[in-house]
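Colleague: please find the sequence and the predicted model below.
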Amino acid sequence: MASLAVDSPGSAASRAAQRAAVFPRVRWMGSKHRLLPHLARVFDELGGRTALDAFSGSGVVSYLLKHQGYAVHSNDYLGFPAVVATAGVVNHATRLSAQEVGRILGPPADDRDFVRRTFSGVFFTDDDLAFLDSAWSHIDGLRGHRRAVAIAALCLAAARKQPRGVFTLTGDLSRYDDGRRDLRIGLREHFVERVADYNRAVFSNGRPCVATSVDVDELEPGRYDVVYLDPPYAPPRDDNDYTKRFHFLEGLSRYWAGDTILHGTRSKKLPKRVTRFSSRRTIEEGLRDVLEKFHESTIVLSYSSNALPDRDTLHSLLAEVKDHVEVRAVEHTYSYGTHATATRRSVDEYIFIGR
């Protein structure tokens, strides 16, 4: 197993990683922001013209692939990541103007109050919740990439404002105040800054990019030179339920249209979406099927040493469909949360390459 070195600062891979690092950051479980230089080197070595990011999450790897010249298909089974990818990956030219931002910040266009009524006392102040209703009254009139940029910025504003970035914490959250500016400014100010973040990230690589929100089993195989897989890691304990942690962003990305809110829960969460990656009992079967599905493409798989299945099992699964399997390890210290007492663990992040 090789350790993965990072290219020199002047290399094409290094430049792509530096450019991709400006992508607006969500504190997403398993986000790959810190691994961008290592992934950039791998993609640079592999080459090709088309790439699938099948579990796109925060969207940053899709954005990296775009910077490396790929026509990118960004996909996640949740809807919020597809909006983020539309705003920052599919979108080649559209930015929100100061006038459009001003209208969204202005008086509401209608009398909707769903967010304030539903989440009062759960997340944010009533003023912040009222702003989300008001902002959506204007966003409803936007179309195309302008709509995606506005929604992505609104969701990122909510994520930055929420302590630790997860929506399992409710009620009086003052005990989680670690002094960060993000917790002290209101959602209106956050929104203005987050729009600027997404506007700054917009660029064109001249290749068509798409974003979808479907289960990985629904994707078509055989269309991609490179397939990047970053599935939910199955932890030995706890769970990897992204819906539980980010349900507010998922609902906010579509103003809860068509959603069933579990009103009996403290956080007013959405129903859990169970997949084969949700349990250590079924994840091997899920991985085997996904690897077989994309066996015609070069496969790059990210995984962590503190999750199940282990490195040897993953190597064996990939070797079932690929003649040559390489494993590179990146030492990584992570913590979930920004609080001063957050537990920090040193793990290896594995990058499996199957050709």
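Modeller: Sure thing, it's come through. Numbers count the residues shown, from 1 in each chain.
Colleague: this structure: strands as residue ranges?
Modeller: 2-3, 50-53, 71-75, 210-212, 226-229, 298-304, 325-335, 344-354 (DSSP state E).
Colleague: identify the residue spatially nearest to the residue nearest the centre of the chain, adjacent ones excluded.
Modeller: Geometric centre of the chain, nearest residue: residue 58, 1.5 Å, by CA atoms, centre = their mean. Once flanking residues are discounted, residue 58 sits nearest to residue 28: 4.0 Å by CB to CB, 6 or more residues apart in numbering. Heads up, the C-betas are built off the backbone N, CA and C, glycines and all.
Colleague: got the phi and psi for the one you found?
Modeller: When read as degrees, to the nearest 10, the backbone of residue 28 gives phi -100, psi 140.
Colleague: hmm, back to that, and the gap between the residue nearest to the centre of the chain and residue 66?
Modeller: Separation of residue 58 from residue 66 (CB to CB, to the nearest Å): 14 Å.
Colleague: and for residue 197?
Modeller: Residue 197 is 16 Å from residue 66, by CB to CB.
Colleague: so these two - more neighbours on which side?
Modeller: When neighbours are counted by other CB atoms under 10 Å, residue 66 comes out ahead of the other of residue 197 and residue 66, with 29 against 18.
Colleague: pLDDT value on the more buried one, please?
Modeller: Note for residue 66: predicted pLDDT of 98.
Colleague: what does residue 341 give?
Modeller: 48.
Colleague: the strands of the chain into a markdown table, with extra columns for mean neighbour count?
Modeller: A markdown table is the format used below for those (neighbours: other CB atoms under 10 Å):
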| stretch | mean neighbour count |
| --- | --- |
| strand 2-3 | 10 |
| strand 50-53 | 27 |
| strand 71-75 | 26 |
| strand 210-212 | 19 |
| strand 226-229 | 25 |
| strand 298-304 | 22 |
| strand 325-335 | 16 |
| strand 344-354 | 18 |
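Colleague: between these, which one is closest to residue 266.
Modeller: strand 325-335 (24.7 Å; CB to CB).
Colleague: ok, residue 22 - how many residues close by?
Modeller: If you count neighbours by other CB under 10 Å, residue 22 ends up with 15.
Colleague: what about it, distance to residue 263?
Modeller: 39 Å.
Colleague: how about the longest helix along the chain: buried residues?
Modeller: When the chain is parsed with DSSP state H, its longest helix is helix 144-161. Under the neighbour-count criterion of 16 or more other CB atoms under 10 Å, helix 144-161 has 145-161 buried.
Colleague: packing partners for it?
Modeller: helix 79-85, helix 98-105, helix 126-139, helix 187-201, helix 242-252 (3 or more CB pairs under 8 Å, 6 or more residues apart in numbering; DSSP states H and E).
Colleague: identify all contacting residues around the longest one.
Modeller: Contacts with helix 187-201, where a contact means CB atoms under 8 Å, 6 or more residues apart in numbering, come from 22-24, 63, 87-88, 95-96, 101, 104-105, 124, 128, 131-132, 135, 149-150, 152-154, 156-158, 160-161, 182.
Colleague: and the third one, by the same measure?
Modeller: Residues outside helix 126-139 that contact it (CB under 8 Å, 6+ apart) are 103-110, 112-116, 119-120, 123-124, 147, 150-151, 154, 158, 161, 186-188, 191, 252, 255.
Colleague: surely residue 12 touches residue 44?
Modeller: Yes: Residue 12 lies in contact with residue 44 (CB atoms under 8 Å); the separation is 6.0 Å.
Colleague: more neighbours: those two, which one.
Modeller: Each of residue 12 and residue 44 has its neighbours counted (other CB under 10 Å); residue 44 has more, 17 against 14.
Colleague: show me what contacts the more buried one?
Modeller: By CB under 8 Å, 6+ apart, residue 44 lies in contact with 7, 11, 12, 13, 16, 68.
Colleague: pull the contacting residues for the fourth one.
Modeller: Residues touching residue 13, when contacts are defined by CB under 8 Å, 6+ apart, comprise 7, 37, 40, 41, 43, 44, 68.
Colleague: now these in CSV, with distance to residue 314?
Modeller: Formatted as CSV, the contacts of residue 13 follow (distance: CB to CB, whole Å):
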residue, distance to residue 314
7, 25
37, 22
40, 22
41, 20
43, 19
44, 23
68, 24
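Colleague: considering these, which possesses the most neighbours?
Modeller: Counting neighbours by other CB under 10 Å, the top entry in those is residue 40, with 27 neighbours.
Colleague: who's in contact with that residue?
Modeller: Residues in contact with residue 40 (CB under 8 Å, 6+ apart) are 7, 13, 14, 16, 17, 20, 64, 68.
Colleague: hang on, isn't residue 91 packed against residue 205?
Modeller: No: using CB under 8 Å, residue 91 is not in contact with residue 205, being 11.7 Å away.
Colleague: which one of these two has more residues nearby?
Modeller: Each of residue 91 and residue 205 has its neighbours counted (other CB under 10 Å); residue 91 has more, 23 against 16.
Colleague: sweet, I'm off.
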